[in-house]
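**Q** Sequence first, predicted coordinates after that:
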Amino acid sequence: MKRTFDVIASGLGLLLLSPLFLIIAIWVKADSPGPVFYRQTRVGRGNRDFRLFKFRSMRVGSDKKGLITVGGRDPRVTRSGYYIRKYKLDELPQLINVFTGDMSLVGPRPEVRKYVDLYTPHQLHVLDVRPGITDLASIRYRNENELLEQAADPEQYYREVVMQDKLRINLEYISDRSFFKDIKIIFLTFWAIVKR
């Protein structure tokens, strides 16, 4: 049921949002040189790598200066990128990942290999399910960039505090997941975005 819902919802989303995709694509392209999409290798179900799609919100090559974004005005973020990140519009192309089966609408957010390599055997169970566009941890840490900005060592704070709590939340979700809980998380995500 979950996979059927993912395919139908992502297919409809891609169709209905195609005009918005075009507008964002033009905005990204006009704002800074480089591709419209940013593709990054993330770790998915079964500990397998896949390519995650996003609208590019940072200058080309910014990921070489660090994988985490710090603060609301990270200088690597483009002008258009600030707004598409604020309202989570950069995540919309992941509907492609959902449609092709790499991701689900709801599930633990996929991490990069660098951080997955730090997981304990118990934490690796988050890879038993498809990663998602949204999850309870993302809603809880919707102000993650601001939290990291306040940390003396953002990278260490992410690894030792934020990542650990996200994993705890996601493992709880996996142990008691249901279709109706997923629907609730989708609505909570929309509400969190609107409140911003």
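**A** All right, it came through fine.

**Q** distance between the ends of stretch 89-104?
**A** 17 Å (CA to CA, to the nearest Å).

**Q** Residue 79 against residue 28, yeah?
**A** No. Look at residue 79 against residue 28 with CB atoms under 8 Å: they stay out of range, at 10.2 Å. Where C-beta positions appear, they are placed from N, C-alpha and C, glycine not excepted.

**Q** And these two? Which one has more around it.
**A** Using other CB atoms under 10 Å, the more surrounded residue of residue 79 and residue 28 is residue 28, with 23 against 10.

**Q** after the lowest-mean-pLDDT helix or strand in the chain comes which helix or strand?
**A** Least confident helix or strand of the chain, by mean pLDDT, DSSP states H and E, is helix 144-150 with a mean of 86. The C-terminal neighbour of helix 144-150 among helices and strands, as given by DSSP states H and E, is helix 154-157.

**Q** for the record, mean pLDDT for that following helix?
**A** Average pLDDT, helix 154-157: 93.

**Q** Also stretch 99-110?
**A** pLDDT averaged over stretch 99-110 gives 98.

**Q** Buried residues, it. List them.
**A** Using 16 or more other CB atoms under 10 Å as the test for burial, stretch 99-110 gives 99, 102-110.
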